[in-house]
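Peer 1: Sequence first, predicted coordinates after that:
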Number of protein chains: 4
Amino acid sequence: MAQAPNPDLRSLRSHRAILDAAVELAIRDGYAKVTVEAIAQAAGVGKQTIYRWWHSKAAVLLEALNDRTGPAARVPDTGDLATDLATATRAVMLLFNTPLGTIWRGLIADAQSDTRLAENLRTSFFEPRTARWQERLDAAVTAGELRADVPTQTMVELLFGPVYYRLLLGTAPLDPDGTTARVDYLLNGLRAR
Amino acid sequence: MAQAPNPDLRSLRSHRAILDAAVELAIRDGYAKVTVEAIAQAAGVGKQTIYRWWHSKAAVLLEALNDRTGPAARVPDTGDLATDLATATRAVMLLFNTPLGTIWRGLIADAQSDTRLAENLRTSFFEPRTARWQERLDAAVTAGELRADVPTQTMVELLFGPVYYRLLLGTAPLDPDGTTARVDYLLNGLRAR
Amino acid sequence: MAQAPNPDLRSLRSHRAILDAAVELAIRDGYAKVTVEAIAQAAGVGKQTIYRWWHSKAAVLLEALNDRTGPAARVPDTGDLATDLATATRAVMLLFNTPLGTIWRGLIADAQSDTRLAENLRTSFFEPRTARWQERLDAAVTAGELRADVPTQTMVELLFGPVYYRLLLGTAPLDPDGTTARVDYLLNGLRAR
Amino acid sequence: MAQAPNPDLRSLRSHRAILDAAVELAIRDGYAKVTVEAIAQAAGVGKQTIYRWWHSKAAVLLEALNDRTGPAARVPDTGDLATDLATATRAVMLLFNTPLGTIWRGLIADAQSDTRLAENLRTSFFEPRTARWQERLDAAVTAGELRADVPTQTMVELLFGPVYYRLLLGTAPLDPDGTTARVDYLLNGLRAR
DNA sequence: CACTAATCGAGACGGTACGTCTCGTCTTCGC
DNA sequence: GCGAAGACGAGACGTACCGTCTCGATTAGTG
């Protein structure tokens, strides 16, 4: 990702143009068809200006996405744990169903062969969000709503694993309406009673 | 994917050589660094021979992997559901921790931008395996061990989602030893009792 | 220069197209403005096809020029040495006054910083032509028309040095009509009688 | 070329540093490898400072060379014409055999595609020197030592043409020891007696 | 002596071309 | 007559410089 470009420099205008152009192209042509060259051209910018601040098109798009989705928000805390979980996972699914979801898939794909990108993905996206979730879940554990013997990190994986499974493997569409049920399965288990 | 080459031809020898070379290269250099050209050279084969039977290096590697891991096996049925689930998911994790796991990540990555490959992945890998799982889970539902109100397809996702989450997002290593606990969480739920 | 591309290969058509496009572009835009990229585009050819057979645009244009001016011809031998020298140097000047002269200047310019090109220039152009001249001059020495104590190599330089001086330094236009006088100066010397 | 920068300004220091850095880099890396950027860095100067006074690296190096070789000196006049000619051309060859000769070749090369540079080369170098030579040769004509029917401009070309021929075409090394003989050929002609 | 205006270094900027790489197709020649 | 070998058109890669354009941070000379 960009190493904090001095915002005083002329780059500011270019910076924005690059992020916007990258997203626009990714939406129009698909993540894989985007090239650094095309971004530069669409942004009215020299290629070197992109390479000066980012390592790859993936780094550009990651920043663009982080830029658009904002920082990790605190998970809702309405007092009703099940509803909070459902609300938040539903929001994620809705996001994944927009064109940004396709870009997100592309980024995760690239991260499989780009260690640096993978690291950026984790530190700039997954870790802050997971941390927020862990706060919320820790509170629920303290409140006696959740088992204390399950690591909250694992709970997060149980919650989102199935979402990413569908996102990346395409075995079934992401259905935001199924979240309530899914949260129920998770909280109450699959064992017959 | 390849349509059964005439086994009389020298193609047979080439076919094997291609699959082997592809896997070897992928293990040695990493999935992303493999090129059709390199496979052809390593297999002592013309590029055209590869393109005659496969669409891309991904198709080659998918066949090679299917070739090595064999067809979808029936999920074990020892009578103890929890153990069966743990045993089987543990086997998957062990596989993902070998070099073949890396190839698998590469294939899933490519599938994000290659619809045909994604389709092949599903039909040749996920669907048969999911079907086997569903058989086992259906039996458990019938036996009154699992809730009847949860689609077995969803159960499969709940079981494997977290595994693929770690495989593809790298937020934590795949630990085969944690499977028993994870099956417990799934069967009994996260809610405090 | 090309290392004898097998003329049976498909390259033949491309080979011609490249040489022609290069010359055309050099004439239209000037030698310095020609780029490998532009040649490729104008010839309807991939860049790699040019780099496969030549090291640089200079190598392409050298071959194109050699191709157009043909191999080194024997210097005329009418029996009148002075006339023969004048005729032949005049022909060189006339050539240098065509657009090919401009290309020739560009090649010599590039050769100043490209050892390989310089070598090619010498072996493919200067040496064969100088050899022809030396044959003719040797004959004249034997015939008692020229001093025997002057190396013919030096004579060639005395003859063409001033031509290249004007071509490359531009201190005066190349005037083909002055050749007869110049040959006189050379044969009879500048000393007052 | 630079129009005399105000010597009061810090420019002066920069001016010198630029000329020195340019020559040093040209000697170290070869004329063609020198870039304005590298000169600026080596001189501890902003690029713009170079472009403020010169059009190109060639202009810088031309001034640096003129700066180092001094203004055109009057050709020696010892009374012995042949010796004077040999002495002076010998000095030129010796200069061309130093690293400055390589820079000189580079400048002439660039001048083939840079009209402005070519003009500067002529006015700042060739014309003053040719003028000096013409003075000396005119005197010799008047003294009855040289033919009156040969333009002195032409004589200069006959004298230096072969030197530049070797310098630029590299067909043979510049041998300062051969000058006496060469002057003999020129004065007495190549015709057998 | 403080202040203003010019000039400096530094280097980012929009561009162009480089020479390399890989793609998927096409062609040739040897076995 | 099949298939290895590899040339082909295409086009993106990441780099190097170009010549122009901000930026502050020194100066220099003026008030």
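Peer 2: That came through, no problem.

Peer 1: what's residue A:20 in contact with, if anything?
Peer 2: A:43, A:64 (Cβ atoms under 8 Å, 6 or more residues apart in numbering or on different chains). Using the backbone N, CA and C atoms, a C-beta is placed for each residue, glycine as well.

Peer 1: Apply 10 Å and report the result again.
Peer 2: Each residue near residue A:20 by Cβ atoms under 10 Å, 6 or more residues apart in numbering or on different chains is listed here: A:39, A:42, A:43, A:64, A:67, A:68.

Peer 1: Ranking by neighbours, what's the top pick from these?
Peer 2: residue A:39 (26 neighbours; other Cβ atoms under 10 Å in any protein chain shown).

Peer 1: hang on, isn't that one packed against residue A:46?
Peer 2: No. Contact criterion Cβ atoms under 10 Å: residue A:39 and residue A:46 do not qualify, at 11.2 Å.

Peer 1: between the contacts of residue A:20, which is closest to DNA strand E?
Peer 2: residue A:43 (7.1 Å; Cβ to the nearest atom of the strand).

Peer 1: In space, what's closest to the residue nearest the centre of chain A - neighbours in sequence excluded?
Peer 2: Residue closest to the average C-alpha location in chain A (Cα atoms, centre = their mean): residue A:125, at 5.8 Å. The spatially closest residue to residue A:125, leaving aside those adjacent along the chain, is residue A:66, at 6.7 Å (Cβ to Cβ, 6 or more residues apart in numbering or on different chains).

Peer 1: Now do that neighbour: how many residues are near it, please.
Peer 2: Using other Cβ under 10 Å, residue A:66 is surrounded by 18 other residues.

Peer 1: Could you pull out the helices in chain A for me?
Peer 2: Using DSSP state H, the helices of chain A run over residues A:11-29, A:36-43, A:47-53, A:57-69, A:81-96, A:99-111, A:115-121, A:127-142, A:152-169, A:179-188.

Peer 1: Break chain A into its domains for me.
Peer 2: Using automatic domain parsing, the domain parsing of chain A gives A:11-67, A:71-188.

Peer 1: what's the offset of the longest one from the middle of its chain?
Peer 2: Read that as domain A:71-188. 9 Å (Cα atoms, centre = their mean, to the nearest Å).

Peer 1: That one near DNA strand F anywhere?
Peer 2: No. Using Cβ under 7 Å from any atom of the strand, domain A:71-188 stays clear of DNA strand F, coming no nearer than 9.4 Å.

Peer 1: Compile the helices of chain A into CSV and extend it with columns for mean pLDDT and distance to residue D:174.
Peer 2: Output for the helices of chain A, formatted as CSV (pLDDT from 0 to 100; distance: least, Cβ to Cβ, whole Å):
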stretch, mean pLDDT, distance to residue D:174
helix A:11-29, 94, 52
helix A:36-43, 98, 48
helix A:47-53, 96, 42
helix A:57-69, 96, 54
helix A:81-96, 95, 74
helix A:99-111, 98, 58
helix A:115-121, 96, 54
helix A:127-142, 96, 69
helix A:152-169, 97, 70
helix A:179-188, 96, 86
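
Peer 1: for those, which one sits closest to DNA strand E?
Peer 2: The nearest among the helices of chain A, by Cβ to the nearest atom of the strand, is helix A:11-29 at 2.3 Å.

Peer 1: Measure how buried the nearest residue to residue A:42 once chain neighbours are set aside is and give me the count.
Peer 2: Closest residue to residue A:42 apart from its sequence neighbours, by Cβ to Cβ, 6+ apart: residue A:21 at 3.9 Å. Residues near residue A:21, counting by other Cβ under 10 Å, number 22.

Peer 1: Would you check that residue A:21 makes contact with residue A:35?
Peer 2: No. Residue A:21 lies out of contact with residue A:35 (Cβ under 10 Å); the separation is 11.5 Å.

Peer 1: can you list residues touching both of the two?
Peer 2: Contacts common to residue A:21 and residue A:35, judged by Cβ under 10 Å, 6+ apart, are residue A:41.

Peer 1: Including distance to residue B:160, could the helices of chain A go into a markdown table?
Peer 2: Formatted as a markdown table, the helices of chain A follow (distance: least, Cβ to Cβ, whole Å):
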| stretch | distance to residue B:160 |
| --- | --- |
| helix A:11-29 | 29 |
| helix A:36-43 | 35 |
| helix A:47-53 | 38 |
| helix A:57-69 | 26 |
| helix A:81-96 | 17 |
| helix A:99-111 | 17 |
| helix A:115-121 | 21 |
| helix A:127-142 | 20 |
| helix A:152-169 | 6 |
| helix A:179-188 | 14 |
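
Peer 1: got TSV for those helices, with distance to DNA strand E too?
Peer 2: Below are the helices of chain A laid out as TSV (distance: least, Cβ to the nearest atom of the strand, whole Å):
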stretch	distance to DNA strand E
helix A:11-29	2
helix A:36-43	7
helix A:47-53	3
helix A:57-69	13
helix A:81-96	27
helix A:99-111	16
helix A:115-121	18
helix A:127-142	27
helix A:152-169	21
helix A:179-188	38
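
Peer 1: Would you tell me which of these gets closest to residue D:180?
Peer 2: helix A:47-53 (56.4 Å; Cβ to Cβ).

Peer 1: same for the closest one, what does it pack against?
Peer 2: helix A:11-29, helix A:36-43, helix A:57-69 (3 or more Cβ pairs under 10 Å, 6 or more residues apart in numbering or on different chains; DSSP states H and E).

Peer 1: Dump stretch A:114-127 to PDB, restricted to CA.
Peer 2: Taking C-alpha atoms only, stretch A:114-127 is exported to PDB below (Å, rounded to 0.1, in the frame of the first residue of the first chain):
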ATOM      1  CA  ASP A 114       1.600 -12.400  -3.600                       C
ATOM      2  CA  THR A 115       2.800 -12.600   0.000                       C
ATOM      3  CA  ARG A 116       3.100  -8.900   0.400                       C
ATOM      4  CA  LEU A 117      -0.500  -8.400  -0.700                       C
ATOM      5  CA  ALA A 118      -1.700 -11.100   1.500                       C
ATOM      6  CA  GLU A 119       0.000  -9.400   4.400                       C
ATOM      7  CA  ASN A 120      -1.600  -6.100   3.500                       C
ATOM      8  CA  LEU A 121      -5.000  -7.700   3.200                       C
ATOM      9  CA  ARG A 122      -4.700  -9.100   6.700                       C
ATOM     10  CA  THR A 123      -3.300  -6.100   8.400                       C
ATOM     11  CA  SER A 124      -5.400  -3.500   6.700                       C
ATOM     12  CA  PHE A 125      -8.700  -5.400   6.500                       C
ATOM     13  CA  PHE A 126      -9.000  -8.700   8.400                       C
ATOM     14  CA  GLU A 127      -7.200  -7.900  11.500                       C
END
